[in-house]
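*Asks:* Build me a structure from this.
(one chain, ligands or ions: 1)
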Amino acid sequence: MHVPRAPERLVYGAAREVEIHPDRDALVHAAAEHVVALARAAVAARGVFTIALAGGATPRPVYERLAQPSFVGRIDWSRARIFFGDERCVPPDHPESNYRMAREALLDRVPIPAANVHRIAGEDEPEHAARAYERTLRACFGDVEGPPARSFDLVLLGMGDDGHTASLFPGAPAMNEARRWVVPSEIARPHPMWRITLTPVVIDAAAAVTFLVDGASKAERLAHVLEGRDGAERLPAARIAPTHGALRWMIDAEAASQLRGRS
Ligand SMILES: O=C1O[C@H](COP(=O)(O)O)[C@@H](O)[C@H](O)[C@H]1O
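*Replies:* So this is what the prediction gives:
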């Protein structure tokens with residue numbers, strides 16, 4: 001039986017709660033419990049749970065944990081609607097596809113109807129795919145000017161070593177977007193590629209936004225982001241600010257190792 005150790009908690013500013021877990025396994029377990037709790041609350045309150053999944057490596061073990069026998073029955077998957085925070089412009093079976101990662105780790109292993117999974121069409125022309133995905137979101141959250149009154153029940157996000165989140169990269173025009181909910185975004189590294197990303201317009205309207213960050217390679221950047229050091233204001237991960245929802249950072253001790261605010 002898994003016996004979780006209590007996380008260390010820090011609060012930065014009025015609204016940024018940070019949970020530091022002793023190791024990666026504790027972080028994975030706590031993140032899976034967090035998804036279950038929000039899913040159950042949303043289904044109880046409104047009959048549906050809407051989540052935008054993060055891509056990359058960090059969330060994969062969380063998705064795998066949610067698919068394990070001890071977790072899978074705790075979410076009514078028929079009431080879940082799965083969205084994506086970003087996608088690489090590749091076909092859905094490509095090794096770099098965020099959808100493929102989520103499908104292999106979670107979606108193929110839980111009883112979710114295919115119609116409840118809304119992937120970004122990474123194989124399509126980027127502008128076309130972004131506009132199509134925005135229509136999908138507007139059909140769910142309301143077709144309004146600017147931000148919706150409320151978007152997802154939960155947006156899961158990661159953070160890259162450079163401070164990017166979703167596919168919002170430092171200096172990208174998407175960070176200054178005031179109207180569009182989904183845009184194409186071109187990156188140069190590690191190799192030139194187009195991506196599709198949600199913008200802060202729709203992310204910040206979520207009821208909960210939770211970052212998952214682990215490992216020593218993220219420690220320096222994470223300290224910049226959370227403690228506002230060294231030009232943090234230009235880092236996309238530092239600029240996510242839910243207008244009415246809860247912002248939580250769930251991190252492991254290695255990622256937290258350069259935080260000065262630790263007790
Ligand atoms: O490229 C991406 O990177 C971030 C961070 O990924 P990680 O592998 O460092 O956890 C991720 O959140 C985003 O969805 C993904 O497309």
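
*Asks:* Please identify the helix or strand for residue 131.
*Replies:* Element membership for residue 131, per DSSP states H and E: helix 126-141.

*Asks:* May I have that helix exported as PDB, CA atoms only?
*Replies:* Provided in PDB are the C-alpha atoms of helix 126-141 (Å, rounded to 0.1, in the frame of the first residue of the first chain):
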ATOM      1  CA  PRO A 126      -0.900  24.900 -38.200                       C
ATOM      2  CA  GLU A 127      -3.100  27.900 -38.600                       C
ATOM      3  CA  HIS A 128      -6.000  25.700 -39.800                       C
ATOM      4  CA  ALA A 129      -5.500  23.300 -36.900                       C
ATOM      5  CA  ALA A 130      -5.400  26.100 -34.300                       C
ATOM      6  CA  ARG A 131      -8.600  27.700 -35.600                       C
ATOM      7  CA  ALA A 132     -10.300  24.300 -35.700                       C
ATOM      8  CA  TYR A 133      -9.300  23.500 -32.100                       C
ATOM      9  CA  GLU A 134     -10.500  26.900 -30.900                       C
ATOM     10  CA  ARG A 135     -13.900  26.100 -32.400                       C
ATOM     11  CA  THR A 136     -13.900  22.900 -30.400                       C
ATOM     12  CA  LEU A 137     -13.200  24.800 -27.200                       C
ATOM     13  CA  ARG A 138     -15.700  27.400 -28.000                       C
ATOM     14  CA  ALA A 139     -18.400  24.700 -28.500                       C
ATOM     15  CA  CYS A 140     -17.600  23.600 -24.900                       C
ATOM     16  CA  PHE A 141     -17.000  26.800 -23.100                       C
END
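
*Asks:* Check which helices and strands whichever helix or strand comes after that helix is in contact with.
*Replies:* Per DSSP H and E, the first helix or strand lying C-terminal to helix 126-141 is strand 154-157. Helices and strands touching strand 154-157, by 3 or more Cβ pairs under 8 Å, 6 or more residues apart in numbering; DSSP states H and E, are helix 24-46, strand 49-53, strand 208-213. C-beta: built from backbone N, CA, C; applies to glycine.
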